[in-house]
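**Student:** predicted model, plus sequence, below.
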Number of protein chains: 2
Amino acid sequence: MKKINLVLGIHNHQPVGNFDFVFEEAFQKAYLPFLKVHKVHPDIRLAQHFSGILLEWLEKNHPEFIKLLKQSVSKKQVEMLTGGYYEPILPSIPEQDIVGQIVKLTNYVIEKTGYKPSGLWLTERVWEPYLPRPIVRAGVKYTVIDDSHFKSSGLQDQNLLGYYVTEHEGFALNIFPISEKLRYLIPFQPPEKTIKYLRSLATDEGDRLIVFADDGEKFGVWPGTFEQCFENNWLNDFFTLIEQNLDWINLISFDDALSQLKPLGTVYLPTASYREMMEWALPVNAIKEYEGFYHWLKEKNIADYQFNFIKGGFWRNFLAKYPEANNLQKRMLKSSNRFQKLNSKNTELVKARDFIYAGQCNCPYWHGVFGGLYLPHLRNAIYSNLIQADAAMDKVEFKGKEKTGWVKSEIYDYNADGFGEVIVETDRMGLFFSPNKGGSLTELDFKPKAINLIDTMTRRQEAYHQKLYEMNLNQHNSGKGEKVASIHDLVLTKEEGLEKYLNYDWYNRTSLIDHFLHPDVDLKQFAQAQYREQGDFVNQPYNVKIVNKDESAEINLERNGHVWIGSEFVPLYVGKKILVGPGADSFTAKYTLKNTNNSAIELWFGVEFATSLLAGNAADRNYIIPGVELEKTNLASIGSVKNVKKIFLRDDWLGIQVGFEVNRTAAIWRFPIETISMSEAGFERVYQCSVIMPHWKIVLEPGNSWTVVIKESIEQL
Amino acid sequence: MKKINLVLGIHNHQPVGNFDFVFEEAFQKAYLPFLKVHKVHPDIRLAQHFSGILLEWLEKNHPEFIKLLKQSVSKKQVEMLTGGYYEPILPSIPEQDIVGQIVKLTNYVIEKTGYKPSGLWLTERVWEPYLPRPIVRAGVKYTVIDDSHFKSSGLQDQNLLGYYVTEHEGFALNIFPISEKLRYLIPFQPPEKTIKYLRSLATDEGDRLIVFADDGEKFGVWPGTFEQCFENNWLNDFFTLIEQNLDWINLISFDDALSQLKPLGTVYLPTASYREMMEWALPVNAIKEYEGFYHWLKEKNIADYQFNFIKGGFWRNFLAKYPEANNLQKRMLKSSNRFQKLNSKNTELVKARDFIYAGQCNCPYWHGVFGGLYLPHLRNAIYSNLIQADAAMDKVEFKGKEKTGWVKSEIYDYNADGFGEVIVETDRMGLFFSPNKGGSLTELDFKPKAINLIDTMTRRQEAYHQKLYEMNLNQHNSGKGEKVASIHDLVLTKEEGLEKYLNYDWYNRTSLIDHFLHPDVDLKQFAQAQYREQGDFVNQPYNVKIVNKDESAEINLERNGHVWIGSEFVPLYVGKKILVGPGADSFTAKYTLKNTNNSAIELWFGVEFATSLLAGNAADRNYIIPGVELEKTNLASIGSVKNVKKIFLRDDWLGIQVGFEVNRTAAIWRFPIETISMSEAGFERVYQCSVIMPHWKIVLEPGNSWTVVIKESIEQL
């Protein structure tokens, strides 16, 4: 009888910072029903991976689930895989953290299930060839990777019925190819099709192996799959059918496959992740070109193996594509490096290490068809963990200075963009300035609440935005009852008319951005980034000098730039002196504008600030302008006000109030930054931050200067 | 006036172990005339890279050249680049060796030229994204990489007029894209075409930068280029034309470009090397498919940017493609790891470290259009250095045992192929056995002469072999006087009728390979690997047991396999017990064949041995069979002899004689293994090793055993 070996593997994960109701929904719709169906099929062996985050949540919220899981393990129904505890993209984190995160999950899995995993779930299957070193050092024997990675090396389907050995510096790791074909059959096609496919691969020798491994959320969470898998009994039918064919399908665990079968050979995989992700990692124009080329090739009916030579981009370029992702990742490296430099044996630092690990969860570091980077609550969770890590390390590094407070400032290229940044840290705050980009403030950490208040996104073109124009919005596809489509084929939207919100920024949204407006500009134009800027200060280099004093740090940012006055581009000096003191929950920026020309100039000067408080249109998030009654006060509202000196953004949910105060009465514009991005559930509009801009119309005589002091302060409610 | 910045860079290298006359020829035809022409163009600034190997050779053989170079440096005509001292493929060697090799070359360059390099020549432009860490740790600020690498990340020509920043774990490295367009213009097209191209890129801002960087051997060594560059004055004309246009071409050094120009942004490059090499790294069938697909796309006239999505293989897969390259690289890792484990501060070990570094020279680790791996003298140089490194480490590790000698044996998967190897080391020899592949002997190091005597190649199909059939051999293309073709377009051959030598082996050529021949087999069939094998012992697993005794190591290899007797596949036991003693320049293999069937069986048993002595058809390399007068005695000869007990392979040039002695009179076959491979100069036949096979016709009664003892010994002449 012709036989074949089969491994079935399931990966389950929820990101750090995800809403509790999302965990619960995934539990009710996927994890629990899956386990229940599995339970009544004792002969079905599965490999299961749960990220540490999810396993912790399950233990806390549904301890009975962990018990059931442990039972399945003891009955050998389930073998457990390890992975990075907080599901980090491995090459995005330092090598010692890769080892640490894997060991942490391995130990946790042993503790909770009694199973000692020797296989690793590779986060998002993002592979780089140096990874065997940290992975093997963490005690892992094998991992599972998409077959497309292997095909990139010139191997073909017939070469992939088994497993291979790869290595780096002699650290040898076994790697199992995941069948893309099975990924598209399960659970989207009738179970018989899987059986038929397996039958076509079975041989007399029976030494072939094929691996299915995919997200557990595909069984219940993805649109239409709950109905498919559980209401229509797909999963039960599938398991039943497998059981009926166990005479020739040898359902085997990874661990057993490794000890019973020989490797097919040695192979080296290039930098790769799954096919779709490699496309998303391309620059936006390249995605369009790639898609066009790909469809053209499809039309030409080229052979499957020829598609193996077609490759998209490289995961790490999400960092080049999105400065926000880059800053997040480099911020994380900064905390991790700091941890390494401090004595890592210090027990007080164990907490810091766990915060750093939690701050490495992959989800907001990139963006494809899932919301990822565009989701403020996920980014916030990362920053929150990293700031808590820093606060824990502060306790060690600045021991004894708790009462007086402290300030430390330095300049270096923390985000590896080729230009030095100024980083000011105090016992209360962290401020990151980019002298090269308009002397702007790119990060504002408030340690008591562990929040970065400038954690926003810039509105950029995404390749998929085109679909918003193209799609017929009347054809909403709820997926219900219909044949279940793969998530990649769906075009859904949560709101109609989203294309009207598609504004693209020409500079990065941060704070302390110095604008000189054309007299005709109005608030709407400005909010849409479709206005005439007269100066060259927004994203051009400022010179910087740091003056460290005992009591405070002083950052002097200066630019001798230009403004358009009529048809002339005339010189203008802008200086901003930032003062940050110890123990303070505020900083001040003292601006000096100087007219170095021979004639008077009229300026319309504004300083832009971003504040990200997680939700805009909520009853407990509001603007307050003392003495002014606003029509709409929520943080997603747009509006302007004149002759004021103060404005507050109050967030009762977070318990925080951010205030801006100027020493000259100003007009203030306020508006939200909202992005249109893709998530599993379709297109959605996401509130990223509120922008406020105090502004002044100034006439500046030759040789004269004009000054204003702006103070941003944070208050705990 | 529209301006542009231009960097010109030249990379010069000769491999470890290359013949002295090749160095000298390259010196006379390329390095010297280039420098002389450059000398008379004082305004032409160049970046120059010399591998440490070549720089050492120049200093020893042409110290006047180094003086001239130093003068050019002091006149700021030349900036020097660093690199790996022995030009290793960086990702093929351990990270600490990357750092060590770069620091070694940097120091040497400073010492010899007075220039402190801050840029790195990346060997063969083989890039992996973790490299910034060791490269930056070695004190390097930038490197130069093919623009095709950048295009793989979705960037296009217009994005590549400058330099970028990349990083790993925050180690930031600047990277300059090399223009592929300029690589094909210089020196193959009239100089005016380069000027015209530069003109098309120049802008009013003048802040664009374009980089030419390529092999110095393209100026004089490659076919036809000496005539082109020097006899026809191409280089002088080119420099003159550049000089005439220095009002708008800002010829700049890399170092100055780095300090004067800003980076264009951040980018991450995937695993890549130059386009052609990525094709060569594919498995042979995939190369054919890739070429077919590529040509089809060319015919369809797809756009340049679309070709950026077409990618070949990955450098490391040369190791998967050629077990010989894998064994070489893992052997090197083994020595390097051993060095790390010993106290690296020990001054006696500095020598060992340099031998290891020299053993990392890239050339024989891969094979494309250059001979590389197929060239025995290059492989030999690597093994020689590694064996010398081991001998130097022996002195430290086995101090005090010089008189008695010593033996050490262990089993582990040194070459990361998924199966354990047996490694026996003594004060005199090193023996590597592969139990999984027929219990064969894959490496035989003789330490006193620092040679691996089983350093051969298996004859495999290469994608380019097809051209041998296709080419019209009458159309030899000498390249003389004609338009100079790029090396990739040439089809040359050093010998006619090479296609007749195309034999492909079905098992790896090593020693102690156990054959059972069909009665009809003759020597020619066997030599061509086109014969009927009756047993399953050649490349199937043997069980292994190591018995370590004080006086010797005993390796017991056993297989209960089968032989075809008529139409029956009957069981047969083959055992071979290997004995290796301390201080000995020999080992013995005691074979036992046992008939476990109920009837007598007739066997034709032979044991194959490979011996590689660098040259076959040479007057000072000969077979000697005591008492027998051979018609041809050179090591490339084919022949058979009967009723002998001894055969010797004598190499007077190496001063070594390898002997085989059996305790039963045997017939012996002998023949050479010759490969047909590609080199710069075209197809060539290369002698790889001599195979000898003592063989016996045996009738084995049921339950009976038959034994023979074979001794291989090495004698210094």
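**Tutor:** That came in fine, so what should we check first?
**Student:** isn't A:V211 right up against A:P177?
**Tutor:** Yes. Using C-beta atoms under 8 Å, A:V211 is in contact with A:P177, at 6.5 Å. (Each C-beta comes from the backbone N, C-alpha and C, glycine too.)
**Student:** point me to the residue of the stretch 501-650 of chain A nearest chain B.
**Tutor:** A:P541 (8.6 Å; C-beta to the nearest C-beta).
**Student:** just the pLDDT for the residue nearest to that residue when sequence neighbours are not counted.
**Tutor:** In this structure, A:P541 finds its nearest non-sequential neighbour in A:N436, 5.0 Å apart by C-beta to C-beta, 6 or more residues apart in numbering or on different chains. Model confidence at A:N436, expressed as pLDDT, equals 97.
**Student:** which residues are in contact with A:F432?
**Tutor:** Neighbouring residues of A:F432 by C-beta atoms under 8 Å, 6 or more residues apart in numbering or on different chains: A:N327, A:Y414, A:E421, A:V422, A:I423, A:L441, A:T442, A:E443, A:L444.
**Student:** now, which of these sits nearest chain B?
**Tutor:** The closest of those, once distances to chain B are taken by C-beta to the nearest C-beta, is A:Y414, at 7.7 Å.
**Student:** poorly predicted segments of chain A, please.
**Tutor:** Applying pLDDT under 70 to chain A picks out residues A:344, A:471-491, A:550.
**Student:** tell me the domain ranges of it?
**Tutor:** A:4-276, A:499-716 (automatic domain parsing).
**Student:** for B:T82, find the nearest of these.
**Tutor:** Evaluated over the domains of chain A, closeness to B:T82 peaks at domain A:4-276, with 22.3 Å, by C-beta to C-beta.
**Student:** is that closest one positioned near chain B?
**Tutor:** Yes. Judged by C-beta under 8 Å from any C-beta of the partner chain, domain A:4-276 and chain B are in contact via A:91, A:94-95, A:128-130, A:152-156, A:165-167, A:169-170, A:172, A:174, A:262-263, A:265-271.
**Student:** roughly how far is the helix or strand encompassing A:T166 from the heart of the chain?
**Tutor:** If you go by DSSP states H and E, A:T166 is part of strand A:164-168. Relative to the chain's own centre, strand A:164-168 is displaced by 30 Å; criterion: C-alpha atoms, centre = their mean, to the nearest Å.
**Student:** so what strands line up beside the next helix or strand after that strand?
**Tutor:** Downstream of strand A:164-168, the first helix or strand assigned by DSSP H and E is strand A:171-178. If you go by DSSP bridges, strand A:171-178 pairs up with strand A:142-146 (parallel), strand A:164-168 (antiparallel).
**Student:** relative to A:D651, which of these is closest?
**Tutor:** Per C-beta to C-beta, nearest to A:D651 of the strands paired with strand A:171-178: strand A:142-146, 42.2 Å.
**Student:** show me what that closest one is in contact with.
**Tutor:** Here strand A:142-146 has contacts from A:9, A:118-122, A:125, A:127, A:135, A:163, A:173-178, A:180, A:211, A:213, A:254, A:258, A:269, A:272-275, using C-beta under 8 Å, 6+ apart.
**Student:** ok, back up a step: got the strands paired with strand A:171-178 as CSV, with distance to B:Q388 and mean neighbour count columns?
**Tutor:** Shown next, in CSV, are the strands paired with strand A:171-178 (distance: least, C-beta to C-beta, whole Å; neighbours: other C-beta atoms under 10 Å in any protein chain shown):
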stretch, distance to B:Q388, mean neighbour count
strand A:142-146, 37, 23
strand A:164-168, 25, 24
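**Student:** which one of the ones you listed lies closest to A:V644?
**Tutor:** When these are compared (using C-beta to C-beta), the closest one is strand A:142-146, at 56.8 Å.
**Student:** coming back round to it: out of the residues of domain A:4-276 next to chain B, which are buried?
**Tutor:** A:91, A:94-95, A:128-130, A:152-156, A:165-167, A:169-170, A:172, A:174, A:263, A:266-271 (16 or more other C-beta atoms under 10 Å in any protein chain shown).
**Student:** count the neighbours of A:F239 for me.
**Tutor:** 20 (other C-beta atoms under 10 Å in any protein chain shown).
**Student:** after the lengthiest strand in chain A comes which helix or strand?
**Tutor:** The longest strand of chain A (DSSP state E) is strand A:656-679. The helix or strand immediately downstream of strand A:656-679 is strand A:682-700, counting by DSSP H and E.
**Student:** give me the residue from the stretch 601-717 of chain A nearest chain B.
**Tutor:** A:M678 (18.7 Å).
**Student:** show me what that residue is bridged to.
**Tutor:** Under the criterion used (DSSP bridges), A:M678 bridges to A:F683.
**Student:** show me the contacts for it.
**Tutor:** A:H367, A:G368, A:V369, A:F370, A:G371, A:E462, A:Y464, A:E684.
**Student:** top of these by neighbour count?
**Tutor:** Among the contacts of A:M678, A:H367 has the most neighbours (other C-beta under 10 Å), with 24 neighbours.
**Student:** near chain B, which residues of the stretch 401-550 of chain A?
**Tutor:** Counting by C-beta under 8 Å from any C-beta, the residues of the stretch 401-550 of chain A that sit close to chain B are A:D413, A:Y414, A:A416, A:D417, A:G418, A:F419.
**Student:** hang on, the third one is in a strand, isn't it?
**Tutor:** No. Assigned with DSSP: H, G, I helix; E, B strand; the rest coil, A:A416 falls outside any strand and is coil.
**Student:** still on that earlier bit, out of the residues of the stretch 401-550 of chain A next to chain B, which are buried?
**Tutor:** If we count by 16+ other C-beta under 10 Å, those have these buried: A:D413, A:Y414, A:A416, A:D417, A:G418.
**Student:** farthest-separated two in these?
**Tutor:** So, those by C-beta to C-beta: farthest apart are A:Y414 and A:G418, at 11.9 Å.
**Student:** one step back: can you tell me which of the domains of chain A is most buried?
**Tutor:** Neighbour counts (mean count of other C-beta atoms under 10 Å in any protein chain shown) averaged over each of those peak at domain A:4-276, with a mean of 20.
**Student:** ok, back up a step: check the offset of the longest strand of chain A from the chain's centre.
**Tutor:** 23 Å.
**Student:** what about dumping the CA coordinates of that strand to PDB?
**Tutor:** Taking Å, rounded to 0.1, in the frame of the first residue of the first chain, the C-alpha atoms of strand A:656-679 are listed here in PDB:
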ATOM      1  CA  ILE A 656      -3.800  62.200  31.500                       C
ATOM      2  CA  GLN A 657      -4.000  65.800  30.400                       C
ATOM      3  CA  VAL A 658      -1.600  67.400  27.900                       C
ATOM      4  CA  GLY A 659      -1.400  71.100  27.900                       C
ATOM      5  CA  PHE A 660       0.100  73.700  25.600                       C
ATOM      6  CA  GLU A 661       0.700  77.200  26.900                       C
ATOM      7  CA  VAL A 662       2.100  80.200  25.000                       C
ATOM      8  CA  ASN A 663       3.300  83.500  26.400                       C
ATOM      9  CA  ARG A 664       1.700  85.500  23.500                       C
ATOM     10  CA  THR A 665      -1.900  85.200  22.700                       C
ATOM     11  CA  ALA A 666      -2.200  83.000  19.600                       C
ATOM     12  CA  ALA A 667      -4.700  81.600  17.200                       C
ATOM     13  CA  ILE A 668      -4.800  77.800  17.400                       C
ATOM     14  CA  TRP A 669      -5.800  75.200  14.800                       C
ATOM     15  CA  ARG A 670      -6.700  71.700  15.800                       C
ATOM     16  CA  PHE A 671      -7.500  68.700  13.700                       C
ATOM     17  CA  PRO A 672      -7.100  64.900  13.800                       C
ATOM     18  CA  ILE A 673      -4.700  62.800  11.700                       C
ATOM     19  CA  GLU A 674      -6.600  59.800  10.400                       C
ATOM     20  CA  THR A 675      -5.200  57.100   8.200                       C
ATOM     21  CA  ILE A 676      -7.000  54.700   5.900                       C
ATOM     22  CA  SER A 677      -5.500  51.300   6.200                       C
ATOM     23  CA  MET A 678      -6.200  47.700   5.600                       C
ATOM     24  CA  SER A 679      -7.000  45.100   8.300                       C
END
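**Student:** which ones are touching the closest residue to A:M1 other than its chain neighbours?
**Tutor:** Spatially, and ignoring its direct neighbours in sequence, A:M1 is nearest to A:W248 (5.4 Å; C-beta to C-beta, 6+ apart). Counting by C-beta under 8 Å, 6+ apart, A:W248 makes contact with A:M1, A:K2, A:K3, A:I4, A:R199, A:A202.
**Student:** kind regards, and thank you for your time.
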